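Asks: Structure for the following, please:
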Amino acid sequence: MELVGLWRYPVKSLQGEPLASASLEDSGLVGDRQWGIRDERTGRILTARRRPELLAAAAAYDDDAPVITLPDGRTAVGPGLSTDNLLSQWLGSAVSLVSSAGSAGGRAEYFADATDDNSLAIEWTMPAGRYVDAAPVLVLTTASLRTAAALHPGGTWDPRRFRPNMLIDVEGDGWVEDQWVSHSLQVGAATVMPTQPCVRCTMVTRAQPGLEPDVDVFRTLARHHHGHFGVWSDVLEGATVSIGDRAILAADRSAEGVASL
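Replies: Prediction:
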């Protein structure tokens, strides 16, 4: 198996940046989801579940400063009043760019029915320290992409729609990464531990640059795979990972010794 895709998302729900290599630490890829756009009225961190237009903007880093590029080409660099004013003007309400560092866990919302934006909005709290939904790293495989595409061939199963951190090339078909839960996965010199399937939501149906809206993407996953796609993973051993790194699955680390599967 091989690492063929690597992404980080500097600002929650904005377009991320593909990387050739990245440093992986205990809390995830360095710089990943370190920033969020906070609704000053509710205190919640905005996501494209509730504000789909967020996916039309992009974020990258200039050294340690997040650089946000809006759909019209205007840019904002780092946190501060000018950035907050520009984002507030764009979104039509008072917002601010805030860091996740030291946060107790950002609050956000999702819809009870992922195909209906008029359904009940439910609040949840993200893990402390990063604006991630459930765990530090999201892993997806090419096998799952092929399997889903065969079930909904009219859809566009671009990895960007699913916002993984790592895309692992695996031969064959099937929801391969489901079987990796509780097994360690070595990627280059780093090791991650898939802990749970990623439960998908409205996000995968949203339009973004180059991708049309498609509620049947979610319906396909719900009908054929309990709405799961990819696996949330913890970091067991940090290191620099790079495109082309070999990926090796090992047996459950709770077992005596580590045997190759």
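Asks: contacts, neighbours, all on C-alpha from now
Replies: Fine.
Asks: Work out for me the element the residue lying closest to residue 68 once chain neighbours are set aside sits within.
Replies: Sequence neighbours aside, residue 59 is the residue nearest to residue 68 in space, at 4.5 Å (criterion: CA to CA, 6 or more residues apart in numbering). Residue 59 belongs to strand 58-62 when elements are defined using DSSP states H and E.
Asks: I'd say the residue nearest to residue 68 and residue 14 touch.
Replies: Yes: using CA atoms under 8 Å, residue 59 makes contact with residue 14 at a distance of 6.2 Å.
Asks: ok so, going back, residues touching the strand holding residue 59, excluding its own?
Replies: For strand 58-62, the surrounding residues in contact (CA atoms under 8 Å, 6 or more residues apart in numbering) are 9-11, 14-17, 66-70.
Asks: Can you tell me which of those residues is nearest residue 182?
Replies: Distance to residue 182 across those (CA to CA) is lowest for residue 9, with 25.5 Å.
Asks: Skip the chain neighbours and tell me the closest residue to the closest one.
Replies: Setting aside the residues directly before and after it, residue 9 is nearest to residue 16 in space (CA to CA, 6+ apart), at 4.0 Å.
Asks: Look at the one you found and report its pLDDT.
Replies: Per-residue pLDDT puts residue 16 at 95.
Asks: Settle this for me: it is touching residue 6, isn't it.
Replies: No: Residue 16 lies out of contact with residue 6 (CA under 8 Å); the separation is 10.2 Å.
Asks: Next, give phi and psi for the residue positioned nearest the centre of the chain.
Replies: Nearest to the mean C-alpha position of the chain, counting by CA atoms, centre = their mean, stands residue 163 at 4.0 Å. Dihedral angles of residue 163 (phi, psi; degrees, to the nearest 10) stand at phi 50, psi 50.
Asks: swap in residue 147?
Replies: Torsion angles, degrees, to the nearest 10, at residue 147: phi -60, psi -50.
Asks: which residues sit in contact with it?
Replies: Each residue near residue 147 by CA under 8 Å, 6+ apart is listed here: 173-175.
Asks: What of residue 160?
Replies: So residue 160 contacts nothing (CA under 8 Å, 6+ apart).
Asks: ok so, going back, got a winner among the contacts of residue 147 for most neighbours?
Replies: residue 175 (20 neighbours; other CA atoms under 10 Å).
Asks: mind listing what it touches?
Replies: 143-144, 147, 229.
Asks: Out of those residues, which comes closest to residue 109?
Replies: Of all the contacts of residue 175, residue 109 sits closest to residue 229, with 19.9 Å by CA to CA.
Asks: Could I get the contacts of residue 147 in a markdown table, plus columns for secondary structure, distance to residue 94 and pLDDT?
Replies: Converted to a markdown table, those look like this (DSSP: H, G, I helix; E, B strand; the rest coil; distance: CA to CA, whole Å; pLDDT from 0 to 100):
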| residue | secondary structure | distance to residue 94 | pLDDT |
| --- | --- | --- | --- |
| 173 | coil | 46 | 95 |
| 174 | coil | 45 | 97 |
| 175 | coil | 42 | 98 |
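Asks: Name the nearest of those relative to residue 117.
Replies: Nearest to residue 117 among the contacts of residue 147, with distances taken as CA to CA, is residue 175, at 28.1 Å.
Asks: where exactly do the helices run in this protein?
Replies: 81-91, 142-151, 215-225 (DSSP state H).
Asks: quick check, nearest of the contacts of residue 175 to residue 110?
Replies: Among the contacts of residue 175, and counting by CA to CA, the member closest to residue 110 is residue 229, at 17.1 Å.
Asks: Can you give me the neighbour number for that closest one?
Replies: Residue 229 sits with 26 neighbouring residues when counted by other CA under 10 Å.
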